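Q: here is a sequence together with a model predicted from it:
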Amino acid sequence: MDILDIMRTGPVIPVIVIDRLEDAVPLARALVAGGVRVLELTLRTPVALKAIEAIANEVEGAIIGVGTIARVQDFDASLKAGALFGVSPGLTPELIAAARDSALPLLPGVMTPSDVIAARAAGFTELKLFPAQQAGGIGMLKALAGPFPDVTFCPTGGISAATAADFLVLPNVACVGGSWLTPAEAVAGKDWARITELARQACALARPALQGETSS
Ligand SMILES: O=C(O)C(=O)C[C@H](O)[C@H](O)COP(=O)(O)O
């Protein structure tokens, strides 16, 4: 799958933080049970790579990716763990070079028009707008559509169940990312049923047909 296929799989990519390795598989199963298959597990905790490996090996239907890619060595480590894609909060010349050398498809983060220009020059036309709300939210995405009609965004950061639909109607948005599907207290309390319900609600959000997409 390339990044656009991954972005078009569902309207919401959950951004996941795993503190206890034992939570990884049941949490991923809860999301998949609710219809959310694309999962971004952040490299923010010491168990993150092991958690990705466990999900890759044990959770049928999950399309597991790595979030918080910020260092060159993260690409190899992510592939070894079984990740199918990577997401970075930003993009540097070092990360561009590492992405070129790696088989891991990357969804790079941008926040300004200059970032978009640099990312596009490096060959990326699917981008994560991060942090989306803080960068200007809906107004920013509408403004970026003018000079960058060929760029498709996954806005992430500051988006909630209440605001996701407003982002998803924008023609240059394929999906949104967010942590609201996996609230910290639900994970701490192993409330997998709640997470499945949040996933179901996220799946019910209407995803617009993108330009050039045929209905089937
Ligand atoms: O760790 C990373 O690299 C990230 O990707 C950051 C996340 O995308 C945001 O932290 C999610 O933002 P919230 O939905 O506002 O919680």
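A: Structure's in. What do you need? Numbers count the residues shown, from 1 in each chain.

Q: need the next SSE after the strand or helix carrying Ile117, C-terminal direction.
A: Counting by DSSP states H and E, the element that carries Ile117 is helix 113-121. The first helix or strand that comes after helix 113-121 along the chain, using DSSP H and E, is strand 126-129.

Q: what's in contact with that following strand?
A: Residues from elsewhere that reach strand 126-129, judged by C-beta atoms under 8 Å, 6 or more residues apart in numbering: 3-4, 7, 87-89, 107-111, 116, 119, 135, 140-141, 144, 151-157, 174, 177. Backbone N, C-alpha and C define where each C-beta goes, glycine included.

Q: ok so, going back, could I get the buried residue list for the helix holding Ile117?
A: Residues 115-116, 118-119 are the ones in helix 113-121 that count as buried (16 or more other C-beta atoms under 10 Å).

Q: elements contacting that helix?
A: Using 3 or more C-beta pairs under 8 Å, 6 or more residues apart in numbering; DSSP states H and E, the elements in contact with helix 113-121 are strand 109-110.

Q: for the strand it packs on, name the packing helices and strands.
A: Counting by 3+ C-beta pairs under 8 Å, 6+ apart, strand 109-110 packs on helix 113-121, strand 126-129.

Q: could I get these as CSV with mean pLDDT and distance to Ala24?
A: Shown next, in CSV, are the helices and strands packed on strand 109-110 (pLDDT from 0 to 100; distance: least, C-beta to C-beta, whole Å):
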stretch, mean pLDDT, distance to Ala24
helix 113-121, 98, 30
strand 126-129, 98, 22
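
Q: hmm, stretch 52-62 touching the ligand?
A: No - using C-beta under 6 Å from any ligand atom, stretch 52-62 stays clear of the ligand, coming no nearer than 13.7 Å.

Q: now do that stretch: everything it contacts.
A: 21, 24-25, 28-29, 31-32, 37, 39, 41, 64, 66, 78, 81-84.

Q: spell out which parts of this structure neighbour the ligand.
A: Residues of the chain lying near the ligand by C-beta under 6 Å from any ligand atom: 15, 42, 44, 67-68, 87, 89, 130, 156-159, 177-179.

Q: can we see that at 8 Å?
A: With C-beta under 8 Å from any ligand atom as the criterion, the chain meets the ligand at residues 15, 17, 40, 42-44, 67-70, 87-89, 109, 128, 130-131, 133, 156-160, 177-180.

Q: neighbours of the nearest residue in space to Ala193 that is not next to it in sequence, just the number please.
A: Of all residues not flanking Ala193 in the chain, Ala30 sits nearest, at 7.5 Å (C-beta to C-beta, 6 or more residues apart in numbering). Burial of Ala30 is recorded as 26 neighbouring residues (other C-beta atoms under 10 Å).

Q: next, Ala30: phi, psi?
A: Taking degrees, to the nearest 10, you get phi -60, psi -40 for the backbone angles of Ala30.

Q: what about the helices in this structure?
A: With helices called from DSSP state H, the chain shows them at 3-7, 24-33, 48-58, 73-81, 93-101, 113-121, 132-135, 137-145, 164-168, 184-188, 192-203.
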